[in-house]
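>>> generate coordinates for the sequence data below:
(2 chains, ligands or ions: 2)
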Amino acid sequence: MTTPALEVTGLTRTYGTGAAAVAALNGLDLVCAPGTFTAVMGPSGSGKSTFLTCAGALEQPTGGRVVIAGQDVTELTEARRTRLRRERIGFVFQGFHLLPYLTAEQNVALPLRLAGGRIDAAARPRIRELLDRVGLGDRTGHLPAQLSGGQQQRVAIARALATGPDIILADEPTGALDSHTAASVLALLRSLVRELGATVVMVTHDPVAAAYADSVVFLVDGRAVGRMENPAAEAVAGQMAHLDELTARTEQELV
Amino acid sequence: MLTLALRSLRHRATAMTATFVAILLGTAVMGSFTPLIQVALEPGTPSAERETLLILGGVVGAWGTVIALFSIVSTVGVTVRQREVEIGLLRTVGAEPRQVRALVRAETLLVALVAAVLGAAVASLTSRALLDLLQSGGVVSEQVAHSGGLTALAATVVLLLLVSLTAAGMAGSRASRGPATVVLSEARTGTGRLAWWRWVVAAVAVGLASSSVAMTMATGKDAADPSEAMAMTGSLGLVVAVGLAALAPLLLRAGSWVLRPLLGGTSGHLAAYNTSRRSHLLAGVLAPVMVLSAASVSILMLVGIDERTLPTGLPPEVVEGFETANLLNNVVTAMICAFAAIMVVNAFAALLADRRLELYRLRLLGATPGQVRGSILAEAGVVAAVGTVIGLLAAQATIVPFAYVRGEGLVPDAQLWLPPVLVAGAVALTLVSAAGATSRALRTTSGAR
Ligand SMILES: Nc1ncnc2c1ncn2[C@@H]1O[C@H](COP(=O)(O)OP(=O)(O)O)[C@@H](O)[C@H]1O
Ligand SMILES: [Mg+2]
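Residues are numbered from 1 along each chain as shown, chains lettered A, B, ... in the order given. Ligands and ions are numbered 1, 2, ... in the order given. Next comes the predicted model:
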C-alpha cells in the first residue's frame, strides 16, 4: 500500500480548561490517499476549521497524530513545522489571502522565495505554467485588486501548487464566490487531482461543492460519523439534513 | 452618532492612541509657552521683559500650532484611511457622506477633548518650570512672576480642538468621497497619480525657498543687521522638507526603485514591492522622517555657524537678542524633533496594527517570524534612507546661504560631524519603531484569524 498523503489518527483539540473546555476535535480519524479529492462536511461548529489548522500544522493538536506523506508533524518544533508547511502543504482560503502588493506571478512565486530565496531560470517557466494551468496565463502581471474574485482564487490555487506539495488544504475555497465562478474553481481543483495527481482536502458546507470530490467525510462534534464515495449533491444534502437533525436533537437533550 | 463614535473608538484603540498622543503632546508643548504671553501682558511685568516674553510665547506658539496641525492631520488621516473598509460598509448600508464626516468628527473630538485637557494640566506645570529656566538662564529677570496662565491655557485647548476638528474634517471628506463601495484598503495600490494640490504645495515651498536662498546670498553679506540672514534662512530647510513631504509617495517609489538592487533575499523582495506599490501607506512614515532630519540638521548647523561667526564688539543688548534667538532656535528644533519622532512611532504602530492580517498571511504561507520581521525592517530601511537623504538635501536650503553670508563659504567650517550623527539618530528611530510595532503585531497575529 502507498503512503497516505494525509493520515490523521485520534485527533483531539480542546479549547479552554476546566468546566469551560470545548472539545472542537474529539478523536478524529481520517486517511487520504495520494491523488484523491476529499471533501469534509459538517454542521457549523463541528470542528472543520480546527481540523484544517491541525492538519496543516498551523496549530498543535491536544492529542493524536497528523502524518503528512509519512512525516509525523505533531512531534516537530515550530520552526520545522513552518518549513514543512511551506514545502509540503498548499493552502487555499475562503478569503484568497493574496498579498496585495505582489502581482499574480509574484504571489505564485512567494512560497518558493520563502523556502529558498532566489527565483532562478528553472522556476520562472514553472510559475508561468502554473498560471497557464489555472487559466491566467494572460494576467501574470496583474495585482490582486485588478483581478475578479474567481481569478484571485485561481492565483491562490496556483500558489498552493508552487512548491509541488504533498497535499492541498482548502477551507471553504468557494465561500466568497458566486455559484458560476465557484463551479469553475471546483472544476479546476478536480482537474488538478485528475491530471496532475494532486491531493486535495476541502472543507465546505455546500453539498454542490462536495459533489466535485471523490469522497465526502461527515463531521459531527469533532468526530467523523460517515463517509460517502462518489457523492452526488442530492445525496450529500440529504445526509447533511439528517446530521443537522441529529445535532439539533442532541442539543435539545442537553438543555 | 455619539454612541456609534464611542463604540467605534473602543474598537480602534491602537489607532486612536496615535491621535491621542499627538494632541496631548501638542497641547503640552504649546501650553508651556502660551502662558508666557499672558504673563507678558500682566500690568506688573516690566516693559523690557514684555517684549522677550511676547516673542518667546508668540514665535513658539505659532510654530507649535503649525507643527501640531501637521502632526494631527497626519495621524487622524492615517487612522481614517485605515478604516476605509468600515466606512465603505457604513456607506453601503446607507450612511450619507455627511454622516460619515460627522462620525469622524465626533470620534476625533472625543479623543481630542480628553487629550487636550490632560495636555493643559501637564502644561500648567511645565510652563512654570519654563519660566524658572528662563530666569535662571538670565533671559528673563527674576521680577517677573508666573500668573498661572489659565486664560492662555484655555485658549490653547480651544485652539487645539479647532485644529483637531479641521484635521478630522479633511480626513472625513477624503474618506467619504467617491462611490459607496467597499474597497479593501489593503488592496488599494499607490501607483496612481498624485493629487494636484500636492504638486502645488511642493512647487510653492521649493520656489519660495530657492528665491529666498538666492536673495540672501546676493544681498545678505552687505546687510547692516547680522541677524537678518538668520531670520531669512532659518526656516528654509524646514519649508523645503514640508513641501517635499507632500510628494512623499512619489519620492518613496523613486527611492525604492533606486534601492532595489540592495534589497536582496525574500524580505528585501517583499519590502521593495510594498514600498513601491503601496507607497501611500508608508508615505505617512516617510514625511515625518524627512521633516525630522531636515529640521534637526538645518537649525543645529545654523546655531553652530552663528555662534562661531557672530561679530565681536556688538552692544550687549544685540548680543542678548542673539542669545534669545538661539534659545528659540533650539527650543523650536527640540519641539519639531519630538513631534516628528512621535509621528514616526505613531505612524508605524498604526500601520502595522492594520497589517496584522497580512503578516498572519505570510506566516500561513510558511514565512518564519524572522522573514516577516526582516521584510518590515527592510521597508523601514528604505523609508529611513529616502527620508534622511531628502531631509539632508532640504537642510542645505538653510545651511548653504547662511554659511556663505557668514563668510564660511558654501560648506560650514566646523561641526560637519553633526549631520551624520543626526541622520544616524533618525535612522535608528525609524528602525526601532518599526521593530517594536512588528513585534507587537506578530504577537497578536495568532489571534487575527
Ligand atoms: N480559538 C478558539 N477558542 C475557543 N473555542 C474555539 C476556538 N476555535 C474554535 N472553537 C470552538 O470549537 C468548535 C469547532 O469550531 P470550528 O472548528 O471553527 O468549527 P467549524 O469550522 O466546523 O464551524 C466550536 O464549538 C468553536 O466554538
Ligand atoms: Mg469554520
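>>> can I assume B:A325 sits in a strand?
No: under DSSP: H, G, I helix; E, B strand; the rest coil, B:A325 falls outside any strand and is assigned helix.
>>> name the residues of chain B found near ligand 1, please.
Residues of chain B that fall close to ligand 1, judged by C-beta under 6 Å from any ligand atom: none. All C-beta atoms are positioned from the backbone trio N, CA, C, and that covers glycine.
>>> quick one: average pLDDT of the helix or strand where A:T14 lies?
Using DSSP states H and E, A:T14 sits within strand A:6-15. When pLDDT is averaged along strand A:6-15, the result is 94.
>>> distance of the residue nearest the centre of chain B relative to B:T324?
Nearest to the mean C-alpha position of chain B, by C-alpha atoms, centre = their mean, lies B:A340 at 3.7 Å. Per C-beta to C-beta, to the nearest Å, B:A340 is found 24 Å from B:T324.
>>> please apply the same query to B:A367.
For B:A367, the distance to B:T324 - C-beta to C-beta - is 55 Å.
>>> those two: which is more packed in?
The neighbour comparison of B:A367 against B:T324 (other C-beta atoms under 10 Å in any protein chain shown) goes to B:A367, with 26 against 19.
>>> my read: the more buried one touches A:R113, true?
No: under the criterion of C-beta atoms under 8 Å, B:A367 makes no contact with A:R113, lying 9.3 Å away.
>>> where does the stretch 301-449 of chain B dip in pLDDT?
Residue ranges of the stretch 301-449 of chain B with pLDDT under 70: B:444-449.
>>> let me see the ranges of the helices in it.
Assigned by DSSP state H, counting those that start in this stretch, the stretch 301-449 of chain B shows helices spanning B:316-353, B:356-364, B:369-405, B:418-445.
>>> okay, the ones you listed, which one's buried deepest?
Burial of the helices of the stretch 301-449 of chain B is given as mean neighbour count (mean count of other C-beta atoms under 10 Å in any protein chain shown); helix B:369-405 ranks first at a mean of 24.
>>> quick check, it touching chain A?
Yes: Helix B:369-405 lies within reach of chain A by C-beta under 8 Å from any C-beta of the partner chain, at B:Q371.
>>> angle of that helix against helix B:316-353?
160 degrees (axes from the mean of the first three to the mean of the last three C-alpha atoms, to 10 degrees).
>>> right, and B:G409 touches B:F402 too?
No: if you go by C-beta under 8 Å, B:G409 and B:F402 don't touch, sitting 11.4 Å apart.
>>> could you tell me how many residues sit around A:S44?
Count around A:S44 with other C-beta under 10 Å applied: 9.
>>> residues near the residue lying closest to it once chain neighbours are set aside, how many?
Closest residue to A:S44 apart from its sequence neighbours, by C-beta to C-beta, 6 or more residues apart in numbering or on different chains: A:H205 at 7.2 Å. For A:H205, the neighbour count with other C-beta under 10 Å is 15.
>>> pretty sure A:H205 is in a strand, no?
No: looking at A:H205 with three-state DSSP, it is coil, so not inside a strand.
>>> list the contacts for B:R105?
B:165, B:168-169, B:172 (C-beta atoms under 8 Å, 6 or more residues apart in numbering or on different chains).
>>> closest to A:V92 among these?
Closest approach between those and A:V92, by C-beta to C-beta: B:G172, at 38.1 Å.
>>> the closest one reaches B:A106, doesn't it?
No: distance between B:G172 and B:A106: 10.0 Å, which falls outside the contact criterion (C-beta under 8 Å).
>>> these two: which has the busier surroundings?
Legend: neighbour count by other C-beta under 10 Å for B:G172 and B:A106, higher for B:G172 (24 against 19).
>>> could you report the neighbour count for A:G10?
Neighbourhood size, A:G10 [other C-beta under 10 Å]: 13.
>>> can you tell me how far it sits from A:G222?
Applying C-beta to C-beta to A:G10 and A:G222 gives a distance of 11 Å.
>>> quick check: the gap between the residue nearest to A:S44 and A:G47.
Separation of A:H205 from A:G47 (C-beta to C-beta) stands at 13 Å.
>>> all helices for chain A, in order.
For chain A, the helices defined by DSSP state H cover A:48-55, A:78-88, A:104-116, A:123-133, A:149-161, A:179-196, A:207-210, A:233-254.
>>> ligand 1 is nearest to which of those?
Nearest to ligand 1 among these is helix A:48-55 (3.3 Å), distances taken as C-beta to the nearest ligand atom.
>>> give me the helices and strands touching the closest one, please.
strand A:6-15, strand A:22-32, strand A:37-41, strand A:63-68, strand A:167-171, strand A:200-203 (3 or more C-beta pairs under 8 Å, 6 or more residues apart in numbering or on different chains; DSSP states H and E).
>>> got the contact list for residue 123?
No chain specified, so I'll use chain A. A:109, A:112.
>>> nope, chain B please
Taking C-beta under 8 Å, 6+ apart, we find B:A123 in contact with B:27-32, B:35, B:153, B:156.
>>> change it to 10 Å
With contact set as C-beta atoms under 10 Å, 6 or more residues apart in numbering or on different chains, B:A123 has these partners: B:27-35, B:116, B:130, B:149, B:152-153, B:156-157.
>>> who in chain A is up against ligand 1?
For chain A, the residues in contact with ligand 1 (C-beta under 6 Å from any ligand atom) are A:15-16, A:22, A:24, A:42, A:44-50.
>>> emit the ChimeraX select command for whichever of those residues are buried.
Selection of the buried residues among the residues of chain A next to ligand 1 in ChimeraX, burial being defined by 16 or more other C-beta atoms under 10 Å in any protein chain shown:
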select /A:24,42,46,47,48,49,50
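>>> for chain B, state which of the residues of chain A next to ligand 1 is nearest.
A:S49 (8.7 Å; C-beta to the nearest C-beta).
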